[in-house]
Each structure stands twice: as structure tokens, then as C-alpha cells.
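Q: could you look at this predicted model? Sequence included:
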Amino acid sequence: MTGPEIAERLLRGELFALSRLISWAENAHPAFADALAAIYPRVGKAWRVGVTGPPGAGKSSLSNELVAELRRSGSTVGVLAIDPSSPFTGGALLGDRIRMEERTKDTGVFIRSMASRDGHGGLARAAVDACDVMDAFGFGTVLVETVGVGQSEYDVVAATDTVVVVLCPGAGDGIQALKAGILEVADVLVVNKSDLDGAEQLMLDLEDALRLRSIRRDGENSWDVPVVACSSHQGTGIDALRRAIEGHRAWLETRDLVGMRSHKRVQQVRRIVRERLEDELWGRHDDGSLESSLRASRTPYDVAHEILEPVLSSIHVAGTGRAEAGHAESGHAGSGHKGVRS
Amino acid sequence: MARKIRVLIGKPGLDGHDRGAKTIAAVLRDHGMEVIYTGLHQTPGMIAETALQEDVDVVGLSILSGAHMTLFPRVRAELEKRGMGHVLLTGGGIIPQEDSEALEKEGFGKLFGPGTRTEDIALWIQSTMEDRWKNEEIQA
Amino acid sequence: MSDIKLAAERGKVSDARKVWEEAFQKARLRDAEFTTISGASLKPVYGPDDVDLDHDRDLGYPGTFPFTRGPHPTMYRGRLWTMRQFAGFGSAQQTNERFKFLLDHGQTGLSVAFDFPTLMGYDSDDEVSLGEVGQVGVAISSLADMETLMSGIPMDRVSTSMTINGPAPILLAFYIACGEKQGVDPAKLRGTVQNDILKEYQAQHAWLVGAEPALRMITDVMEYCSEHVPLWNTISISGYHIREAGSTAAQELAFTLANGMEYVRRGVAAGMDVDAFAPRLSFFFDAHLDFFEEIAKFRAARRIWARKLRDEFGAKDPRSWMIRFHTQTAGVSLTAQQPENNIVRTALEALSAVLGGTQSLHTNSMDETLALPTEKAVKIALRTQQVIAEETEVAHVADPLAGSYFVEAQTKRLEDEAEAYFREIEKRGGVVPAIEAGYIQREIHHSALAYQLAVEKGTKKVVGVNTYVEALDAKPEIDILRIDPAVEEAQRAGLVALRGKRDALGARRELDAIREACRSGDNLLERFIAAAHAYCTLGEIANVLRAEFGEYKEPMIL
């Protein structure tokens, strides 16, 4: 199948094409960029929601309830559920679907699991690509769920339109989250398991912290982060969560939504460039050759410089006069150049 | 990123014995595969739908209920209905040798009976998928 | 002298021990891991230093507190254990014939295995039942099927054990109604319904609704039966499935007893006097291959339960303190390779159950890893028990291993490990929260995985599997029992006919009454019995429950 072929099938509404194209994104298939280019005019209609939080906060159950709520409100939903890969074997057990089992029977919901493939990079790029594909397919909402640990998981949620951070009482998670700066990315905060002891205290702590933040940012035209109490166990607070997400969307839409999104696109371009460069460079230098270079008692900087030399010199030769990145050749791993033109 | 073998471990039907399914899921993960586990009590349609959404390379069914002669063909039919006929469909459970031979003759992948080493299952999946991918490359 | 440790002066190492230790350290040992299947490491020899017990306090004589040595003063001199072979396959008609065959060969109680649709509360003609009707047990979708199952069997004279959980109250209602149709007063019915929903969430996974409504139905059964069906064991708290799912012996013991205590708490919370229902609780354990660890497990179970019931729950009736249990040999210990070896495994396991003082016993058939057992295999399994009972002397003496340093040390170790698990469960807020958090399931899964890997690495030896292996090309010379697909067809047709024949309005009224009782809190078993008489089907009743209480969703455990 060529890129344009799979794109055409996707635009015709074939689930198989949707699913396969996500695999292409994940595996950095050579023809992905072509396919994306063909569907790109349809990208941008879905509202993208990132759901994150510490392990055990109940993200999957909450996401499941949120999907049901979104369906009731009439939106179709594409879900990307990210689970960690084993750092030792590279394998992964992807089990989040189980909590969404009943959604499998609903044709308005599409759920895809993605392993983080730690240590190999590429998660954030592949996840954003997968969101683009689901967006182009026509889902009203694209929901990305990930454990709130690690830079690449952080990058994934940071690329969505509305970031929901899920916390739950107990084990000092709330305070940990504050320390970890998770609050800084949150557009909506959820205190899940609100039926448990300590939920009220956590709500108060979070509201205090948010007030402090808004005092610090006095004068900025900033979004007032709501704190929503939910119990996915009892199914309460889910409608309030949906309304909070819609509120954030409405707020953004009266402001600079285009600017916000293109700012996030810039990060995607950087990821693609970084990955392309690394693919190219590491294809020429394996660990063995690096080790033998180092053995000749040279510093890591010397070795790095030697690797980068050809790239750097070509950039210097090209000079700074050209604003255009130039036309991208297609057929290269992970190349989304065509995708990022606006 | 390197391509990984994606496997769906499914428990079709009503039997709730998931010791084998969970063990094999863990072992396949330890062999570097990405394993999706459906949970219990799935219909053939649900398993095929999950296989489609997850674009898996392999579907492994664990059946201890004696309903294998019904469930294997039904899952295959549901997969084909969704354009997923290419998936390597295999499995195991309490399946008499006669039956597993009959199913293998009908084009199902190898079926693993009680007492199989999980390692052997992982290696068989690995080598079968490597062969398939090699053939795909040759054709491409 | 009840203190068997008097033989050794405390804290001192005897000369004999010194001599042994020296010799042992010099000796060469076999290359093997000296651990149990559960991974407990064993000492090369046990002696006076390994036990610290007071006979009367910690063991008691048979029939006396804390019942470590057995629940009855006479043990098997009074009455042998009940030889109860689990049977059921295909149609009610076929199972009825197998029951009569077993009764003719000296079996003393019936044990019903149901098919998966029945176990999950679906009718034979439900779409999800396709291919599974009658496969691993008998299909019972209504009172009519129950009448066929028990036809020609005097229900006031046999005891019947029904292995069913989620829909147990419904099947019990069918049984009670069936007795009434035979003219048998419910007060004369004897038997057991497994009805142990907690271990379903933990291990076996045949459920209907979530834990809270399921526990309510269980207390309804306990309440109703204490008044109307007094000889019926309302619940058989089962470690068997926990063990078969891969747990260790200690986990089996701990989780089973923790579940048992949860049922007692629920009964008391529902306003019942503990002595009104505790004597009708029975237990069900696995007999695995670690001979002595299993014997110790049975003994520890009796001691722990007696102390908990008397000292923590304040039960006054000694019958409340006593654990009486059924045992089944370990299905997971059977191998598909060289299946005849399974006869030997089963014999050893059965012997441990008898030495552990079981009240009834099922011995597995050699071909069960391949398919349902054939008549010949079932007969050999039953004969195995009869050989133990009639040809050996083990039934003559109660708790013959008491005082064994090894067995007493193992009994104490298992007791301590169980207590540690009780604390872990308590920390999580009790059994139900521990299930919801996946704690118990995860513990079991990890043990299962560790065992599988040990077998594959060869550190755990299994004859015919990883040692003394024979070429596998030869097909096992065992006949395989097959369920005719016609059973499913006949069941479907039967249900269609039943629905056409019955008083439709009456059936509808009974289902409405069940819905009403779900909401009002009235006793559900009473309603189920009325619905059974109106020929409401299992699936119809279960669907009302599912709609009212919601279906259960398992937490993800990997």
C-alpha cells in the first residue's frame, strides 16, 4: 500500500486504514509522511484532550467514564492509551483496554494502545502523529491517556489542547504532583476517588496552590484552572469534568487557538528533525565504533564533533539566508515535513 | 523505532480460567512483544474488533471450555469480516490432539496443548512472524 | 506431659545434633532444590528445636478445641470420608445416568459440575453460550432441567454438592423446588452449594454481579436456609480454585479463611447470630503434591478457624468452631504427557487429604488435562480412594502425624504466613477492597508465574514434562469423551418449548417480584424459589439481577 492509497481508504472511513496508519506512525514507516500529507487538510477539527496523572490515580477508569460521557453528549471519540514498555526486554503489556471493554461494542469509539518503547525515543512524535490520524478520520474528540512520568509522556500530553491532570487522595500524591510541576501543564485538575478520605483536603490544597499561581501571574490573561471532584467508581462528577473541558475549549476559541496550536506544532517539527537527524547519524555510527573512538583517549566532545562535522559544515555552507526548509524528499523515516506546512 | 510483534491474547467464551492466558502474556512481553490482553468473557466479535483497532500481527486464543471447534472458526470469520484475515491466529488450552490437528489443517496456526513450554510458544511466534515479514519484504 | 519440646533442653544443642550437623556438612548432596511447590525451603531434618507447642492448647484431641487433629472424636472409625466424584456433562439426562452409575459403584454423594453458560447465569440458547453448552458440565437452564437431572434419585436420601457460585442462589432455588415436586420437604434436603463469590473475583472468574449485591444474596441464602433448609451447607468456602489459579499453599489457606471470615462478618452484620449460620459453613481445599505441606495446611486451617470463631467472633457453639471440608486432588498437578502417571499423583494427593482429616474427597481422573473424564478413568479414581480406605491402615488412627516435628513445624509456619496475609488484607480495608485493588489476584498471578518459570527452567521437576521425558509423537492411548453437538440443539429446542408451554403471565409476575425484592431488600432466595416453580429460566432471572445490580468488571491484573 502506498501513502496516498492508505490515505484515500482512511478518508473513505475504513477502520483498517486508520489502524494501519497508526502502526505506520509508530514504526516510522517510510510512506507515513506521504499519507499524512494527503489527509492533512482534514486535521485540526478534533478537540484533543490529554489525561495524565501518577500511577494509581485511576486514569483508565476515569477515561472510560469520560468517553461514555462524551458519547452521551454526541461526540465520537478516538482514544490513544499509552503504557510503559519494559526497559529490559522492550516488550509491553497493554491492559488499559480492559477497563474500556464495553466501549469496544460502540462504533463511535476507537481505542488504540501504544507502548512507550522507552529508550528508543519517538513516543511523542508517534503519539502526535497518531492523534493527527484519528483527527483526520473524523473523531470529534481525541483522548490521549498516559502515566504522568517521564519526559516523553509529558511531551505527549503537552501536545494536546486541554490537559487534564488526575490526582487522588492518599500517599501525598497531590503534594508530589505540585512539586513535580505537573500543575503547570494542567488546564483542568481532577480529584478522583472523591469518595475517599482526604479528598476534600486535596481539593483545598490544590485550590490554594492555584490561587498562589494566579497571584504570581497577576495581570496575565490566563485560564482559571478548575478543580473537579470525580468518582469514576461511582460515576459522579464526570459531567462536570466534560463541562470543564468544554469551558477550556470555549475560552481558547475566543483567544488565540491557532497560535496555541501552531506553538505546539513547532515542538513536533523539532521532534521530527531531531529523530531524522539521529536516525541518519546513528545509521552510520554504531556503539562499537563509538567505543573504539573513545578508547583512543578522546573526550566525548571530540567524538561527538567528529560525528556532527558533516552536518554542521553543510548547514554552514547553506548559510542562513534561506528561510524555507526546502522541499522534503519523501520516503524517509519519520519525515513529516510536508505535514507541517501551514 | 524498530517494529515490534503485536499480539492480542484473547479469552473468548465464558470460561474464566485465565492463569494460562496471563502467564503467556507475561512471557511474550518478556520476549519483547507488545501484548494486548482482552480480559475475560469476550465474544468473537469483540476480539476481532480489538485486533482491528490494535492492528495486531498475532491473535492467540486461550480456550479451556471445550468450545474450541466453535470459537476458532468464529473468531476467524469475524477477523475476515474486518479485513484482518492476514492475522496469525493461534492459541491453546484443553484441546485434544485430534482437534488441534483438524484445526491446523484448516489453516489455523499451531495450537498448544497442556504442558507446552511457554518459551516454545514465544519462539514459535517469533520465528513465524520473522518469516512472514521477510516474505513481505521480498514481495515489496 | 503435653509439651513435646521437653525432650530437648531449650536453647541447648544436644550432642546428637552436633554429631549430625558435622556429618551433614561433610556430606555431598544431590543437585536439587529442596523446596515445596509453593517455594518454601525445607530443612534437611526437623527436630525438637523446631516445634514449640502444647498438645492440649495447640492440637487438642480429635473433636476438641482447637480441632487441629480433626473435627470428630472418632474420625474415620465412626464414618469414612464421603467419596464424592464431581460429575456432569452434556445434558441433564446424560448426567443423571452418570450419577446413577456412580451411586451403583458405591459413591455416597453427588457432586454436580455445570457448564460455563450455567456458571455465568446464561440460558443454553443465549448467543454467548454458543459452543459451550454441556461442554464442561451439565447445562441447567430451568427447573425442568433440574427435574431431569434428579429423576429417579431420592432427594431425601442423597446429599448433593453443587459447584456453582454467581447464580448459586438460583440453582439452589431450582433444587429446592425440584425436591418439592418430588414431595420432599426442604428440611430433609442435604447438600452443599458452593456459593463462594469472593474467590470468584480472586481466582475463578464466574460471576454475575459485583461483590456487594452478591454478598447480600449470600446472606439471604444463609438466612433462608437456617430457617427452612437446616441441613443444607449454604456455602462452601473454596481454596481449591485459588490454588488451581496458581497460588501457594499459604495463600490458599490465607485467602480462603479470610473469605470465610468476611462471610461471617456479613452474616453478623445482617443481624444473624453467628451460631445460627456458622455451623453450616463448609470449606473446600486442594490437595497438591507436597504431601506434608498439604497435611499441615489442613491442620492449620482447623486450628486458625477454631480460634478465630471462638475468640474473635464470640461463637459459643462448638460446631461453629469446627472446619469441615471437602478436598479435591490438584487438577493442575496432572500432566498431558504420560497421563497414566496421573493416577499415582492423585493417589498421593488423596492420601494427604485423608491424613489431613478431610470429610469428603474427589479424586481426579487421569485424563482430565485432555478432556472430560471417561467412565473408566472415573472408576479408577474412585477405586483409588477405596484402596486407601479399605486396604491401608490410615483410616484406623486419627491424625496419625501429630507430633511429627516436621508436620508440626509446617503447620505452625503456614499458620504464621496466613496471619501475615490477614494483616495485609486488613491494611487494605478488608477482602472486598483488596479484591477491587487487585491485591489478591496479583499475589496469585505472581505465584503462578514463578511456578511456571521454575518448571520451564527445570528447577522444579515434573516427571514426563521436564524429566524422564518420552517422545511425544505417540498419541496418548486414552479415549476421549466428546460432547455431541446435538446436546446444544436439544437444549435450545427444550427452552423454546418450555417458554411456549408455561404460564407466560405467571412467569412475568415472578420476574417482576424479583426486581421488586432487589430494590426492597426482601429475601431473594424466597423469590427465586417461586420463580423456579413458574419455570422462569436461569438466564431470565440472572438478567433481572444484572439489570438491577450492574455487571461486574474485573480490575486489570497483569
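A: Perfect, thanks for sending it.

Q: helices of the stretch 401-550 of chain C, start to end?
A: For the stretch 401-550 of chain C, the helices defined by DSSP state H, counting those that start in this stretch cover C:405-427, C:431-436, C:439-457, C:486-501, C:504-520, C:524-533, C:538-549.

Q: most tightly surrounded among the ones you listed?
A: Mean neighbour count (mean count of other Cβ atoms under 10 Å in any protein chain shown) peaks for helix C:524-533 among the helices of the stretch 401-550 of chain C, with a mean of 24. (Glycine included, C-beta is placed from N, CA and C.)

Q: elements contacting that one?
A: Here helix C:524-533 is seen to pack against helix C:168-182, helix C:211-228, helix C:504-520 when contacts are counted using 3 or more Cβ pairs under 8 Å, 6 or more residues apart in numbering or on different chains; DSSP states H and E.

Q: what sits closest to C:Ile343 if chain neighbours are left out?
A: C:Met366 (5.1 Å; Cβ to Cβ, 6 or more residues apart in numbering or on different chains).

Q: could you list the alpha-carbon positions for stretch C:251-266 in PDB?
A: The C-alpha coordinates for stretch C:251-266 follow below in PDB (Å, rounded to 0.1, in the frame of the first residue of the first chain):
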ATOM      1  CA  GLN C 251      -2.000 -18.200  50.000                       C
ATOM      2  CA  GLU C 252      -4.700 -20.800  49.500                       C
ATOM      3  CA  LEU C 253      -5.100 -21.100  53.300                       C
ATOM      4  CA  ALA C 254      -5.000 -17.400  54.000                       C
ATOM      5  CA  PHE C 255      -7.300 -16.200  51.300                       C
ATOM      6  CA  THR C 256      -9.800 -18.900  51.900                       C
ATOM      7  CA  LEU C 257     -10.000 -18.300  55.600                       C
ATOM      8  CA  ALA C 258     -10.100 -14.500  55.000                       C
ATOM      9  CA  ASN C 259     -13.100 -15.000  52.700                       C
ATOM     10  CA  GLY C 260     -14.700 -17.200  55.300                       C
ATOM     11  CA  MET C 261     -14.300 -14.600  58.000                       C
ATOM     12  CA  GLU C 262     -15.800 -12.000  55.600                       C
ATOM     13  CA  TYR C 263     -18.900 -14.100  55.200                       C
ATOM     14  CA  VAL C 264     -19.200 -14.500  58.900                       C
ATOM     15  CA  ARG C 265     -18.900 -10.700  59.300                       C
ATOM     16  CA  ARG C 266     -21.600 -10.200  56.700                       C
END
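
Q: torsion angles phi and psi at the closest residue to C:Leu495 other than its chain neighbours?
A: Sequence neighbours aside, C:Asp125 is the residue nearest to C:Leu495 in space, at 4.8 Å (criterion: Cβ to Cβ, 6+ apart). With angles defined as degrees, to the nearest 10, C:Asp125 sits at phi -100, psi 10.

Q: burial count for the closest residue to B:Lys81 other than its chain neighbours?
A: Once flanking residues are discounted, B:Lys81 sits nearest to B:Ala48: 7.1 Å by Cβ to Cβ, 6+ apart. A count of nearby residues for B:Ala48, using other Cβ atoms under 10 Å in any protein chain shown, gives 26.

Q: please, which helix or strand holds B:Ala48?
A: helix B:44-54 (DSSP states H and E).

Q: quick one on the thing from earlier: closest one to C:Ala420 among the helices and strands packed on helix C:524-533?
A: Nearest to C:Ala420 among the helices and strands packed on helix C:524-533 is helix C:211-228 (23.6 Å), distances taken as Cβ to Cβ.

Q: one step back: as CSV, the helices and strands packed on helix C:524-533 with distance to chain A would be great.
A: Formatted as CSV, those follow (distance: least, Cβ to the nearest Cβ, whole Å):
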stretch, distance to chain A
helix C:168-182, 24
helix C:211-228, 12
helix C:504-520, 18
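
Q: what's the spacing between the residue nearest to C:Glu488 when sequence neighbours are not counted and C:Leu495?
A: Nearest residue to C:Glu488 in three dimensions, chain neighbours excluded: C:Val133, at 4.0 Å (Cβ to Cβ, 6+ apart). Here C:Val133 is placed at a distance of 10 Å from C:Leu495 (Cβ to Cβ, to the nearest Å).

Q: so what sits against both of those two?
A: Common neighbours of C:Val133 and C:Leu495 are listed as C:Ser124 (criterion: Cβ atoms under 8 Å, 6 or more residues apart in numbering or on different chains).

Q: quick one: end-to-end length of stretch C:500-509, please.
A: 16 Å (Cα to Cα, to the nearest Å).

Q: what's the answer for stretch C:41-55, then?
A: 26 Å.

Q: got the buried residues for it?
A: Neighbour-count burial for stretch C:41-55 flags C:42, C:46-51, C:53, C:55 (criterion: 16 or more other Cβ atoms under 10 Å in any protein chain shown).
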